[in-house]
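A.B. asks: Sharing a sequence plus its predicted fold:
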Amino acid sequence: EKTMKKYIFFFLCLFVGLSASARTNVYDLRSFYLGDMPIYRATPDRARELLGKPLTREGYLNARGGYAVYPYFSSWWGPWGPAFGFYAPYYGRPELLGTMVLIYDQMVIYFDQERERGEAFLTNANTYTSDYPLYYGNTPIRVGDAFESLAGVFPDEYNKALRKSTKKQVFFVPVKVEAGSGALRQKGKITFIVKDGHIDAIQIALR
């Protein structure tokens, strides 16, 4: 019986150890900002207000069902207009979801609708400039910063990537993020692309 207890204790410790080593940090998306803009459920109008007017913007419609449907060009009803998301009905077609793309100097942001005639929220962003730092709380992370700067912000992710830094010229440092629940939930990854020991780009991918 004592031997059996020893085995049970050993396997319990092994299981706890493996679980701890496999644990992945998930950071609160509400603590992240792109420039002055909160990333969690950011909308195109909020981006324009806080990041400034983009160089250009594009809009298009995607039909759930496997084919693309492009909108008629209207300054009001198109997906780039003020009534973005409120389309005339498309009878007999699948649900139509809009995408808006804001293009800044060395940064592009995608906003996608979750439901027809609903608001569009940030789903993807790619920045290649230090002009729009990514903030985690009050800590700015900029393109051009040294790879080592991530050690004080995301220590576990930094340590995992440290082995890559000695073997690869270009490597990724992914950080898992999540916030909200139910219909308000957003989750995904923020990835730092490191090249020659410095952050070369920052990518945000949410769903």
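C.D. replies: Looks like it came in fine.
A.B. asks: Could you list which residues are in contact with the closest residue to Gly197 other than its chain neighbours?
C.D. replies: Excluding its sequence neighbours, the residue lying closest to Gly197 (Cβ to Cβ, 6 or more residues apart in numbering) is Phe147, at 5.3 Å. C-betas here are computed from N, CA, C, even on glycine. Contact partners of Phe147, counting by Cβ atoms under 8 Å, 6 or more residues apart in numbering, are Tyr158, Ala161, Ser165, Val173, Val194, Gly197, His198, Ile199.
A.B. asks: Quick check on Phe147: phi, psi?
C.D. replies: Per-residue torsions, Phe147: phi -50, psi -40 (degrees, to the nearest 10).
A.B. asks: separation between it and Phe121?
C.D. replies: According to Cβ to Cβ, to the nearest Å, Phe147 stands 30 Å off from Phe121.
A.B. asks: again, but for Pro140
C.D. replies: Where Phe121 is concerned, Pro140 sits at a distance of 23 Å (Cβ to Cβ).
A.B. asks: Next: Glu157.
C.D. replies: 25 Å.
A.B. asks: for Tyr136, same thing?
C.D. replies: 20 Å.
A.B. asks: Identify all residues paired with the nearest residue to Asp145 once chain neighbours are set aside through a beta bridge.
C.D. replies: In space, and not counting its chain neighbours, Asp145 is closest to Ile199: 5.0 Å by Cβ to Cβ, 6+ apart. For Ile199, the beta-bridge partners are Val194 (DSSP bridges).
A.B. asks: How confident was the prediction at Ile199?
C.D. replies: Ile199 is assigned a predicted lDDT (pLDDT) of 97.
A.B. asks: do the same with Thr99
C.D. replies: In this model, Thr99 carries a pLDDT of 87.
A.B. asks: In the sheet, which residues pair with it? Tell me.
C.D. replies: Applying DSSP bridges, one finds that Thr99 bridges with Tyr60, Asp112.
A.B. asks: correct me, but it touches Arg57?
C.D. replies: No: with contact defined as Cβ atoms under 8 Å, Thr99 does not count as touching Arg57 (11.0 Å).
A.B. asks: which regions of the protein sit below the pLDDT cut-off?
C.D. replies: Residue ranges of the chain with pLDDT under 70: 1-23, 63-94.
A.B. asks: and if we set it to 80?
C.D. replies: 1-24, 59-97, 116-118 (pLDDT under 80).
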